[in-house]
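Student: Sequence first, then the predicted structure:
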Amino acid sequence: MDRLTIGSHISSSKGYEAMGKTAVYMNADTFAFFTRNPRGGKAKEIRPQDVEKYKKIAKDHHFGKIVAHAPYTMNACAAKEELREFARNTMEDDLKRMEYIPGNLYNFHPGSHVGQGAEVGIDKIAEILNQVLTPAWNTTVLLETMAGKGTEVGRTFEELREIMDRVTCRERLGVCLDTCHVWDGGYDIIRDLDGVVAEFDRVIGLENLKAVHLNDSKNPLGSHKDRHARIGEGEIGLEALSAVTRHPALRHLPFILETPNDEDGWAEEIRILREKFS
Ligand code: FE
Ligand code: FE
Ligand code: ZN
């Protein structure tokens, strides 16, 4: 009997133990959190005792891998070098901090090429990954599939593949699929989920898929908008999103809700998705 591993994004402001307790309250067995203020800046100090208390909760409640999220202001392919320096330092510091909770996942938005062109963007993103990733880290870094808003890199599976092909330390690199983003990017997960999964496998390889962001979308297929909706309140709908969690190639992955909701709302989404999973 397999179980759906699911949780939501949780505020990290009160530390690890508080996040673990919130997850348990929501009947979650994974969650996501920002490693620091999502707008960037200095991260709060980690208290080892707090981490130990969290680890006990995670063990007692059989948590799956958790998914830390890099600040979304981080742009590894910015035109300005000082912004890339910030991205490099932030990722490095975050990975250092992730060593307190080894064996988990850390996802980031590949970046926006801001008019330099996707190819330049891809090269710059890969360069930073090559500077930061080493086999010594106990965290897998995930490129997130993007909606293609503005000049975002990573709207197509091919662009993510091109980044991966340029990275040396492949054993520490994977992909996080965001259902709102791929839908907004033009992948029809309602009418052709099998086809999208097969396409992902052909271009990126399913073995590289490590997590799913489960979100509905406020906008139609291919809209390139990136506006998340609650599960069942958007254009993708509950049935299609539940089918994503039940897909034989995906069902073992950690699913993270990034829906505009509160703790009780997420608990309800988790309840419904668990019910439909079994
Ligand atoms: Fe994201
Ligand atoms: Fe996401
Ligand atoms: Zn998004």
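Tutor: Received it, and whenever you're ready, just let me know what you need. Ligands and ions are numbered 1, 2, ... in the order given.
Student: where's the closest residue to Phe200 other than its chain neighbours relative to Val212, distance?
Tutor: Of all residues not flanking Phe200 in the chain, Phe157 sits nearest, at 5.7 Å (C-beta to C-beta, 6 or more residues apart in numbering). Bear in mind the C-beta positions are built from the backbone N, C-alpha and C, glycine included. Distance, Phe157 to Val212, using C-beta to C-beta, to the nearest Å: 14 Å.
Student: quick one: which of those two has more around it?
Tutor: Neighbours per residue (other C-beta atoms under 10 Å) separate Phe157 from Val212, with Val212 holding more: 26 against 22.
Student: That one bridge partners, please.
Tutor: Counting by DSSP bridges, Val212 is bridged to Leu177, Phe255.
Student: What parts of the stretch 101-250 of the chain come near ligand 2?
Tutor: Asp178, His213 (C-beta under 5 Å from the ion).
Student: What is the neighbour count of the closest residue to Leu4 other than its chain neighbours?
Tutor: Using C-beta to C-beta, 6+ apart and skipping the chain neighbours, the partner closest in space to Leu4 is Phe277 (4.1 Å). By the criterion of other C-beta under 10 Å, Phe277 has 15 neighbours.
Student: for His109, same thing?
Tutor: His109: 25 neighbours (other C-beta under 10 Å).
Student: Strands of this protein, start to end?
Tutor: Assigned strands in the chain, in chain order: 5-8, 32-34, 67-69, 105-108, 111-112, 140-144, 152-153, 173-178, 209-214, 216-217, 228-229, 254-257 (criterion: DSSP state E).
Student: With mean pLDDT as extra columns, can I get the ones you listed in JSON lines?
Tutor: Compiled in JSON lines, the strands of the chain are given as follows (pLDDT from 0 to 100):
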{"stretch": "strand 5-8", "mean pLDDT": "98"}
{"stretch": "strand 32-34", "mean pLDDT": "97"}
{"stretch": "strand 67-69", "mean pLDDT": "98"}
{"stretch": "strand 105-108", "mean pLDDT": "98"}
{"stretch": "strand 111-112", "mean pLDDT": "98"}
{"stretch": "strand 140-144", "mean pLDDT": "98"}
{"stretch": "strand 152-153", "mean pLDDT": "98"}
{"stretch": "strand 173-178", "mean pLDDT": "98"}
{"stretch": "strand 209-214", "mean pLDDT": "98"}
{"stretch": "strand 216-217", "mean pLDDT": "98"}
{"stretch": "strand 228-229", "mean pLDDT": "98"}
{"stretch": "strand 254-257", "mean pLDDT": "99"}
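Student: For Glu159, give its distance to ligand 2.
Tutor: As defined by C-beta to the ion, to the nearest Å, Glu159 lies at a distance of 16 Å from ligand 2.
Student: which ones are touching the spatially closest residue to that residue that is not a sequence neighbour?
Tutor: Excluding its sequence neighbours, the residue lying closest to Glu159 (C-beta to C-beta, 6+ apart) is Val153, at 5.7 Å. Neighbour list for Val153: Cys77, Pro110, Gly111, Ser112, His113, Ala118, Gly121, Ile122, Ile125, Met146, Glu159, Ile163 [criterion: C-beta atoms under 8 Å, 6 or more residues apart in numbering].
Student: Let me see the contact set for the closest residue to the fourth one other than its chain neighbours.
Tutor: If I follow you right, that is Ser112. Distance criterion C-beta to C-beta, 6+ apart; nearest residue to Ser112, sequence neighbours excluded, is Thr151 at 4.6 Å. For Thr151, the contacting residues are Ser112, His113, Val114, Gly115, Gly121, by C-beta under 8 Å, 6+ apart.
Student: Please look at the third one and Ala79 and confirm they touch.
Tutor: Yes. With the criterion set as C-beta atoms under 8 Å, Val114 and Ala79 qualify as a contacting pair; they are 5.3 Å apart.
Student: where along the stretch 51-200 of the chain do the helices fall?
Tutor: Using DSSP state H, counting those that start in this stretch, the helices of the stretch 51-200 of the chain run over 81-98, 118-132, 157-166, 179-185, 193-203.
Student: So Leu257 versus Val120, what's the distance?
Tutor: To Val120, Leu257 is 34 Å away according to C-beta to C-beta.
Student: between these two, who's got more neighbours?
Tutor: Leu257 (26 against 15).
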